[in-house]
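Peer 1: The following block contains a protein sequence and its predicted model.
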Amino acid sequence: MSAPFAAKRLGKELQKISNSLPPGIELVSADNFEEWLLDIRVLDDNPLYRNEIYRLRFRFSSTYPIEPPEVVFVKLPDRPIPIHPHIYSNGIICLDLLGHQGWSPVQNVESVCMSLQSMLTGNSKNERPPGDEEFVRGNRLRPRDIEFYYHDNDV
Amino acid sequence: MNVVKKADSDFWKLPVSKVDKSGNPEPRAAPLFSPQRLPVRPQLQWGHRYPEPPLRRCGRSRHGDGHRITDMAKSIQLKEEGNRRFQAGDYAQAEALYSQAIIADPTNPALYTNRAMARLKLSQWDSAIADCSECLRLSPNSMKAHYILSQAHLALRAHDDAVHHALRAHALCIGDDANNNAAKTSNQNSLATITAHVLRCKKERWDHLEKRRVRETSELEAEVLELLARERERAVRDAEENGLGEAGRKEVEEEWDAKAERLREVFERARPKEEKKRRVPDWAIDDISFCVMVDPVVVSSTTKTGKSYERASIVEHLRRHPHDPLTREPLYISELRPNLDLKQACDEFLEENGWAADW
């Protein structure tokens, strides 16, 4: 499966999300079919995330949607990295949905954003993943090449 | 996507050189077509590639099998040289080499599809079609021949033929020829390409018909308006002859102008309202590729979802991860079943809404 396949599908996704996105999700830029930026915020009053907006970066390979996109939080002056036991302080997200095993081609950019939104909404722990500092200092791998061990399924 | 570069069975691809791994270039300047015996390389296994014995032999092969084998070996050598030229983008030279290969061995169906590919590249549609017909005569289930035929017909705007052969290629792709496993595997690699090609053929056919319909409608409109204008002139003349005066003449003129205006409105209303029409129902769309489905297959054992996907998409997914995209339960390609009713519904939808093929 080659690039036209991914481009076609992304073109249709873009068409759809340019018209409407669920509340709390906004398209920031999608200038090509390789990298898109979106902003998300949580909709309830969770004190960990109140009044904050977070920037997500999607990167697509030519095998999307058969293979998952690479999704990370990006740090900017007005866009922090949300605190969460599955989100490292460099923005890398440990979510099985985004791994090769958990990904499904019926997922899309919108559904990933909504999953992340609800992952934040449902969290009450004000902490980073165990070993965060060490991981952030040492990691040179791209997110898709990291072997995460998904130890708990209820987040 | 270039099918030719991807596949892996010899019949299907135009193979890269198997000959000169040593780096020694073939003696290109030497007369490729000379009558002298070319050495038969021991690793050549020509026998399994096409049925033996061929019914027709070329003229110079009558003297016995020794000569025939020589001709076949020469033919294969010419073909491989042609493949190299093809890969290098020199389609005219490739075409000439395939022609020589066919003279040496006119019974190998692969030579005809290879030459047809080269002729496609050279925009020689009619002779590409002739090659495919010859290939299909020798090997009626050649997926590649149907695919090339479809492309040539598409270029010639023979849309019905293009769709017909695209669908034949698709059927062969998903393994109507289940007894030929090697061909089946390589054909499956082309499934995504062929599926996209089917959609393209349908789209172009619809565009063509739509254009014709629009043209015919506007021709009819012009014709009827002209008739009205003539009728108006006659009525005005009558009014003058009957001495109705300036006021009477004006009344008649206005009456006919109003008729013409109403007629224009009627034609205007009959024109399709783009924005109203351009919606693809969710049931017609494959959730993986987001395209209208050509060959929907359903996930259909009792415990599974009953959801349908485009065959090319779901197969691509299941090859890497054999689980249901929605439930993540184990799911194997062998569990997919054609969804015939949905296929018919999608076909009918595309028939009416060809624009949706590249929605």
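Peer 2: Yep, it's here. Since we're looking at a predicted model, the values are computed, not measured. Numbers count the residues shown, from 1 in each chain, chains lettered A, B, ... in the order given.
Peer 1: And the helices in chain A, which stretches?
Peer 2: Counting by DSSP state H, chain A has helices at residues A:3-19, A:109-121, A:132-138.
Peer 1: again, but for chain B
Peer 2: B:3-6, B:65-87, B:91-104, B:109-121, B:125-138, B:143-155, B:159-173, B:181-189, B:191-241, B:245-270, B:274-277, B:311-320, B:340-352.
Peer 1: can you count the residues close to B:Arg212?
Peer 2: As a burial measure, B:Arg212 scores 10 neighbours (other Cβ atoms under 10 Å in any protein chain shown). The C-beta positions use only the backbone N, C-alpha and C, and glycine is treated the same way.
Peer 1: quick one, what contacts B:Met293?
Peer 2: B:284-286, B:308-310, B:342-343, B:346 (Cβ atoms under 8 Å, 6 or more residues apart in numbering or on different chains).
Peer 1: wait, doesn't A:Pro69 sit right on A:Glu110?
Peer 2: No. Using Cβ atoms under 8 Å, A:Pro69 makes no contact with A:Glu110, being 12.0 Å away.
Peer 1: Which one's more surrounded, these two?
Peer 2: The residue with more neighbours, out of A:Pro69 and A:Glu110, is A:Pro69; 23 against 17, by other Cβ under 10 Å.
Peer 1: Quick one: residues contacting the more buried one.
Peer 2: Neighbours of A:Pro69 in contact, by Cβ under 8 Å, 6+ apart: A:58-61, A:98, A:109, A:112.
Peer 1: Could you do B:Lys203 as well?
Peer 2: So B:Lys203 contacts B:354-355, B:357-358 (Cβ under 8 Å, 6+ apart).
Peer 1: Who's the closest spatial neighbour of B:Arg85, skipping the chain neighbours?
Peer 2: Distance criterion Cβ to Cβ, 6 or more residues apart in numbering or on different chains; nearest residue to B:Arg85, sequence neighbours excluded, is B:Ala94 at 3.9 Å.
Peer 1: Could you report the neighbour count for the one you found?
Peer 2: B:Ala94, neighbours per other Cβ under 10 Å, totals 27.
Peer 1: Hmm, B:Lys79 and it touching each other?
Peer 2: No. Applying Cβ under 8 Å as the test, B:Ala94 and B:Lys79 come out as separate, 9.7 Å apart.
Peer 1: overlap in contacts of these two?
Peer 2: B:Asn114.
Peer 1: Quick test: name the residue nearest the centre of chain B.
Peer 2: By Cα atoms, centre = their mean, chain B has its centre lying nearest to B:Ser150, at 3.7 Å.
Peer 1: Could you report the distance from that one to B:Ala169?
Peer 2: From B:Ser150 across to B:Ala169, the span is 6 Å (Cβ to Cβ, to the nearest Å).
Peer 1: before we move on, the earlier item: please tabulate the helices of chain B in TSV, including the columns mean pLDDT.
Peer 2: Listed next are the helices of chain B as TSV, based on pLDDT from 0 to 100:
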stretch	mean pLDDT
helix B:3-6	41
helix B:65-87	85
helix B:91-104	94
helix B:109-121	95
helix B:125-138	94
helix B:143-155	95
helix B:159-173	92
helix B:181-189	60
helix B:191-241	88
helix B:245-270	86
helix B:274-277	50
helix B:311-320	90
helix B:340-352	90
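Peer 1: Now distance to A:Gln15 too, for those, in JSON lines please.
Peer 2: Converted to JSON lines, the helices of chain B look like this (distance: least, Cβ to Cβ, whole Å):
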{"stretch": "helix B:3-6", "distance to A:Gln15": "28"}
{"stretch": "helix B:65-87", "distance to A:Gln15": "37"}
{"stretch": "helix B:91-104", "distance to A:Gln15": "37"}
{"stretch": "helix B:109-121", "distance to A:Gln15": "33"}
{"stretch": "helix B:125-138", "distance to A:Gln15": "35"}
{"stretch": "helix B:143-155", "distance to A:Gln15": "26"}
{"stretch": "helix B:159-173", "distance to A:Gln15": "26"}
{"stretch": "helix B:181-189", "distance to A:Gln15": "30"}
{"stretch": "helix B:191-241", "distance to A:Gln15": "17"}
{"stretch": "helix B:245-270", "distance to A:Gln15": "29"}
{"stretch": "helix B:274-277", "distance to A:Gln15": "14"}
{"stretch": "helix B:311-320", "distance to A:Gln15": "19"}
{"stretch": "helix B:340-352", "distance to A:Gln15": "19"}
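Peer 1: Can you find the residue of the stretch 101-250 of chain B that comes nearest to chain A?
Peer 2: Closest residue of the stretch 101-250 of chain B to chain A, Cβ to the nearest Cβ: B:Ala192 (5.6 Å).
Peer 1: OK, contacts around the nearest residue to B:Ala116 once chain neighbours are set aside?
Peer 2: Once flanking residues are discounted, B:Ala116 sits nearest to B:Asp131: 3.8 Å by Cβ to Cβ, 6+ apart. The neighbourhood of B:Asp131, defined by Cβ under 8 Å, 6+ apart, consists of B:112-113, B:115-116, B:119, B:148.
Peer 1: Within range of chain B, give me the residues from chain A.
Peer 2: Proximity of chain A to chain B is confined to A:1-2, A:4-5, A:8-9, A:12-13, A:65-67, A:100-106 under the rule Cβ under 8 Å from any Cβ of the partner chain.
Peer 1: Of the residues you listed, grab the buried ones for PyMOL.
Peer 2: Those of the residues of chain A next to chain B that count as buried under 16 or more other Cβ atoms under 10 Å in any protein chain shown are selected in PyMOL with:
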select buried, chain A and resi 1+5+8+9+12+13+65+66+67+103+104+105+106
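Peer 1: For the most centrally placed residue in chain A, give the beta-bridge partners.
Peer 2: With distances taken as Cα atoms, centre = their mean, A:Val71 lies nearest the centre of chain A, 3.9 Å away. Beta-bridge pairing of A:Val71 under DSSP bridges involves A:Phe58.
Peer 1: same question, A:Ile92
Peer 2: Bridge pairing for A:Ile92 - DSSP bridges - gives A:Val72.
Peer 1: OK, contacts around it?
Peer 2: A:Ile92 neighbours (Cβ under 8 Å, 6+ apart): A:72, A:135, A:139, A:143, A:146.
Peer 1: Pull the number of nearby residues for the residue nearest to the residue nearest to the centre of chain B when sequence neighbours are not counted.
Peer 2: The spatially closest residue to B:Ser150, leaving aside those adjacent along the chain, is B:His165, at 3.8 Å (Cβ to Cβ, 6+ apart). By other Cβ under 10 Å, 27 other residues sit near B:His165.
Peer 1: mind checking pLDDT for residue 31?
Peer 2: You didn't say which chain, so I picked chain A. A:Asp31 carries a pLDDT value of 89.
Peer 1: that's the other chain; I wanted chain B
Peer 2: According to the prediction, B:Pro31 has pLDDT 41.
Peer 1: what's the answer for A:Gly122, then?
Peer 2: 89.
Peer 1: what do you get for B:Lys13?
Peer 2: 40.
Peer 1: do the one 4 residues further on as well
Peer 2: Listed pLDDT for B:Ser17 reads 40.
Peer 1: Quick one: name the residues of chain B near chain A.
Peer 2: So chain B meets chain A at B:1, B:192, B:196, B:287-291, B:313, B:316-317, B:320-321, B:325-326, B:328, B:359 (Cβ under 8 Å from any Cβ).
Peer 1: which of those are buried?
Peer 2: B:192, B:196, B:287-291, B:313, B:316-317, B:321, B:325, B:359.
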